[in-house]
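In: how would this look folded up:
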Amino acid sequence: MRITVTEWAMEMLDRRSLRTGPLPSGEMSFSLAELPSPDFNRAMYATVGARVCWTDRFGWTHDDWVKWVDRPQLATWIALAAGTVAGYFELEAQPDGDTEIHLVGLVPAFIGRGFGGYLVEQCVRRAWQRDQLWAGGFGPTRRVHLRTSTLDHPNAKANYLRRGFEVAEEETFVKAVPDPRVAPWPLPGDPRLDRLVHDED
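Out: Model (predicted):
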């Protein structure tokens, strides 16, 4: 399956640019996963991503997940609310002070309940606190960056802009994605079905 996707590279160059999100409807706390767990990250990728078409890691093997999470420069943070896992985010310490937000999102039960803005805010705060709370020895953060696209949650880009990110690059292209009918986990209401581009080859 081939679909047209617009992708935005977004960045924040100064921690003072971060704008607070609205307080969530309930208490939310955050915990750093000190023991790397490929099974947990894969499960969260499936749970959070099923609603917003995260498909790039569909083909990853267990070894791929181990190599991804078992690195000192990668941090997985777990968001907890109402006595359960509400969401998570992955941060990576990169060279020259770059910190990338690879994934951030809520599990379906918490979507639409006012937790999204606060989750992103707390994610960005921890990205700026690299070398203090996580990734010790990799130096301080000088830039926080991420990528989002039309395959992400419809409110994702606006949420990042409200938190203080700016668009650095924009690109539209045709992307090959797995057929949701054979996806390894359900993709309810898959928005890709409305944007199919038939490959003439």
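In: for the most centrally placed residue in the chain, what are its contacts?
Out: With distances taken as Cα atoms, centre = their mean, the chain has residue 103 as the residue nearest its mean C-alpha position (1.7 Å). By Cβ atoms under 8 Å, 6 or more residues apart in numbering, the contact set of residue 103 is 45, 48, 49, 54, 88, 89, 90. Just so you know, the C-beta spots here come from the backbone N, C-alpha and C atoms, and that holds for glycine as well.
In: which SS state does it fall under?
Out: State at residue 103, reduced to three classes by DSSP: H, G, I helix; E, B strand; the rest coil: strand.
In: how near is the closest residue to residue 105 other than its chain neighbours to residue 138?
Out: In this structure, residue 105 finds its nearest non-sequential neighbour in residue 48, 3.9 Å apart by Cβ to Cβ, 6 or more residues apart in numbering. According to Cβ to Cβ, to the nearest Å, residue 48 and residue 138 sit 26 Å apart.
In: likewise for residue 64?
Out: Applying Cβ to Cβ to residue 64 and residue 138 gives a distance of 23 Å.
In: now do residue 91: how many residues are near it, please.
Out: 29 (other Cβ atoms under 10 Å).
In: show me what contacts it?
Out: Counted by Cβ under 8 Å, 6+ apart, residue 91 has contacts 74-75, 77, 99-102, 123, 126-127, 130, 134-135.
In: just those now: which is nearest residue 142?
Out: residue 99 (8.4 Å; Cβ to Cβ).
In: tell me the pLDDT at the closest one?
Out: Residue 99 is assigned 98 on the pLDDT scale.
In: do I have it right that it meets residue 89?
Out: No: Residue 99 is beyond contact range of residue 89, at 11.5 Å (criterion: Cβ atoms under 8 Å).
In: these two: which is more packed in?
Out: residue 99 (28 against 25).
In: tell me the bridge partners for the more buried one.
Out: residue 93, residue 144 (DSSP bridges).
In: and what of residue 130?
Out: Beta bridges link residue 130 to residue 134, judged by DSSP bridges.
In: burial count for it?
Out: The burial count for residue 130: 25, using other Cβ under 10 Å.
In: and it, what does it touch?
Out: 91, 93, 99, 138, 139, 140, 141.
In: what helix or strand is the closest residue to residue 39 other than its chain neighbours located in?
Out: Of all residues not flanking residue 39 in the chain, residue 65 sits nearest, at 7.7 Å (Cβ to Cβ, 6+ apart). Using DSSP states H and E, residue 65 sits in helix 62-69.
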